[in-house]
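**Q** What follows is a predicted protein model with its sequence.
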Amino acid sequence: MAVSIENYNALTSELGSRTKLVAVSKMRTVEEIMQLYNWGQRDFGENYVQELIAKQVQLPNDIRWHFIGHLQTKKVKYIGPFIHLIHGVDSFKLLEEIDRQAGIQKRNINCLLQIHIAQEESKFGLNDKELKEIIESLPKAKLLNKLVNIRFCGLMGMASFTENTDQVRKEFKYLKCLFEDAQAEIRNSSFKILSMGMSDDYKIALEEGSNMVRVGSLLFGKRVYNI
């Protein structure tokens with residue numbers, strides 16, 4: 001399947017330099033990824049650990065890999081050596097394991113805390129109370145020499161899958177408010193990423209303050225599933 005350079009150029013022009021584009025490359029071939037790479041794209045997002053590590057060894061080393069799916073603690077060790085940013089951190093237990101694996105690799109791992117903002121219960125993420133608890137625990141964790149290998153970079157959320165744009169906008173507004181509150185609490189210069197918006201709703205996300213979008217089908221085309 002040919003990747004659309006017209007869509008890529010139009011999107012990167014629309015986003016400008018202030019909004020990071022993560023090209024969602026799950027279920028896409030190495031050849032398709034290389035098309036975008038050759039046009040200058042360096043940030044790619046994957047949902048499945050096994051697929052990610054298979055691609056990572058075949059593709060250029062300067063690709064910045066983003067893990068955007070639900071991450072199991074037992075699989076952190078497989079991506080720990082090279083992952084650029086983990087988007088879906090949704091528990092303190094997962095934070096502890098990322099910190100442990102980062103320590104083993106003698107590196108810091110960038111993380112976003114995932115917030116549940118959608119109506120669908122099937123989506124993962126922290127609620128506002130859980131987010132507050134994690135933020136309040138950080139000073140104590142530092143005193144205990146815990147979570148010292150994690151760089152907290154911001155928040156991520158996925159809006160409801162709906163044609164109701166008012167609902168989507170409401171959810172993005174809510175995430176932006178949580179992001180601003182968290183920024184004020186954490187007071188860390190690294191905490192600056194608000195990752196929200198995908199192919200179908202990124203325009204609304206941009207209007208509501210997103211500075212990182214995760215776009216797949218708009219670039220690669222709709223996936224065709226064999227039945």
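**A** Ah, there it is.
**Q** The longest helix seen in the chain packs against which elements?
**A** Longest helix of the chain, by residue count under DSSP state H: helix 165-186. With contacts taken as 3 or more CB pairs under 8 Å, 6 or more residues apart in numbering; DSSP states H and E, helix 165-186 sits against strand 109-115, helix 128-143, strand 150-157, strand 193-195, helix 202-207. Bear in mind the C-beta positions are built from the backbone N, C-alpha and C, glycine included.
**Q** among these, which is nearest L21?
**A** Relative to L21, the nearest member of the helices and strands packed on helix 165-186 by CB to CB is helix 202-207, separated by 9.3 Å.
**Q** how far does that closest one sit from the chain's center?
**A** 16 Å (CA atoms, centre = their mean, to the nearest Å).
**Q** Mind checking which residue lies nearest the centre of this protein?
**A** H87 (3.2 Å; CA atoms, centre = their mean).
**Q** which stretch of helix or strand covers that residue?
**A** strand 85-89 (DSSP states H and E).
**Q** okay, and for this protein, where does confidence drop off?
**A** 1, 122, 223-227 (pLDDT under 70).
**Q** Let's see that with 80 instead.
**A** Scanning the chain with the threshold set as pLDDT under 80 gives 1-2, 120-123, 143, 222-227.
**Q** Mean neighbour count for the helices and strands packed on helix 165-186 - can I get that in CSV?
**A** Output for the helices and strands packed on helix 165-186, formatted as CSV (neighbours: other CB atoms under 10 Å):
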stretch, mean neighbour count
strand 109-115, 24
helix 128-143, 14
strand 150-157, 23
strand 193-195, 25
helix 202-207, 18
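**Q** Could you export those as TSV, including distance to Y48?
**A** Shown next, in TSV, are the helices and strands packed on helix 165-186 (distance: least, CB to CB, whole Å):
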stretch	distance to Y48
strand 109-115	16
helix 128-143	25
strand 150-157	17
strand 193-195	19
helix 202-207	22
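**Q** before we move on, the earlier item: mind exporting the C-alpha coordinates of the strand holding H87 to PDB?
**A** C-alpha atoms of strand 85-89 as PDB (Å, rounded to 0.1, in the frame of the first residue of the first chain):
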ATOM      1  CA  LEU A  85       8.300   7.600  25.000                       C
ATOM      2  CA  ILE A  86       5.700   5.300  26.800                       C
ATOM      3  CA  HIS A  87       2.300   7.000  26.400                       C
ATOM      4  CA  GLY A  88       0.000   4.600  28.300                       C
ATOM      5  CA  VAL A  89       1.200   4.600  31.900                       C
END
